[in-house]
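J.: Build me a structure from this.
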Amino acid sequence: MVKYSNTINLRVTTTDCLFGSLIRKIFKTISDDDNAIADEVTMLEYPLGDYMHCNTPWRDIDHVLMPIMMEVHAHWILGHFDLNKKYLNIYNSYGFRIKDRQLLEDVQAFVVVIPHLLVNIGFWKSNLVDGKERIEPLDVNIIQHLPQQQNGFDCGIFVIEFAKHIINQTIESMPNPLDCSTARINLATQLFKHGFDKQRNGYDTDHDNVARKVRKARRLKRGN
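T.: Numbers count the residues shown, from 1 in each chain. Below is the predicted model of the structure:
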């Protein structure tokens, strides 16, 4: 929607589930190893726009939408990283089961590692406190009064709907309650139309929009 819509004004990109796995892996070692991020090449490729197909470098956008699978609970939430405000906004559709305290504990890896990541690649600068380099964690804002799922399996479609309303700047008018069946039908219809339009009008493949060094790395991975 961001790539092809003429009505979306936000400069935004996204991540995938591997990004969250790498964040958690680095968080467990970063306090003891300053090179934990520098040694994780794939992690560095995300904000540079070199890993995911058709992604945008974080230097050129204001918002990153992150699907986050909670580490303890089998539950998807949406992280909305505002680069200008240095906030991580959290959207949770299961508030009566997953409490704010649990959310704060789970996303601690993201609020610590992301600033280190951006300092490491030169997008942000660290602060000097008493002559020592200090990288401040992100502030966390848990969004309240959101539509809530009524079962234990609709979190995925809620994450997608939260993201759609964020990029269209309509989150405050999001339907409540959310009709998940209609949302799934609408999503399938949009994906079908998108694929049909690409076939009818012609398009450049995602492969053409990925950096050459990333394509080479992927070929090597597939070869292994």
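J.: got the buried residues for stretch 156-172?
T.: By 16 or more other C-beta atoms under 10 Å, the buried positions in stretch 156-172 come out as 157-168, 171. From N, CA and C alone the C-beta is placed, and that goes for glycine too.
J.: same deal with stretch 179-198?
T.: So for stretch 179-198, counting by 16+ other C-beta under 10 Å, buried means 180, 183.
J.: Tell me which residue is most central in the chain.
T.: M66 (1.7 Å; C-alpha atoms, centre = their mean).
J.: number of nearby residues for the residue lying closest to V72 once chain neighbours are set aside?
T.: Excluding its sequence neighbours, the residue lying closest to V72 (C-beta to C-beta, 6 or more residues apart in numbering) is D106, at 6.8 Å. As a burial measure, D106 scores 20 neighbours (other C-beta atoms under 10 Å).
J.: wait, what's in contact with D106?
T.: Contact partners of D106, counting by C-beta atoms under 8 Å, 6 or more residues apart in numbering, are 68, 70-73, 77.
J.: re earlier: just give me the closest of the buried residues of stretch 156-172 to D139.
T.: Closest approach between the buried residues of stretch 156-172 and D139, by C-beta to C-beta: I166, at 17.6 Å.
J.: Skip the chain neighbours and tell me the closest residue to that closest one.
T.: In space, and not counting its chain neighbours, I166 is closest to H80: 6.0 Å by C-beta to C-beta, 6+ apart.
J.: In a strand, that neighbour, correct?
T.: Yes. Remark: H80 belongs to a strand, assigned using DSSP: H, G, I helix; E, B strand; the rest coil.
J.: sorry, back to before: which of the contacts of D106 ranks first by neighbour count?
T.: I68 (26 neighbours).
J.: mind checking the SS state of that one?
T.: strand.
J.: do the same with G156
T.: Applying three-state DSSP: G156 is helix.
J.: and K85, what is it in contact with?
T.: D139.
J.: Quick one, grab the pLDDT at it.
T.: On the pLDDT scale, K85 is placed at 96.
J.: okay if I get the contacts of D106 as CSV plus pLDDT and distance to F19?
T.: CSV is the format used below for those (pLDDT from 0 to 100; distance: C-beta to C-beta, whole Å):
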residue, pLDDT, distance to F19
I68, 98, 9
M70, 97, 15
E71, 94, 14
V72, 91, 19
H73, 92, 19
I77, 98, 14
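J.: related to what we said a few turns ago, tell me the spacing between the residue nearest to V72 and L65.
T.: Using C-beta to C-beta, to the nearest Å, D106 is found at 17 Å from L65.
J.: From the chain's centroid, how far away is stretch 181-198?
T.: Chain-centre distance of stretch 181-198: 22 Å, with C-alpha atoms, centre = their mean, to the nearest Å.
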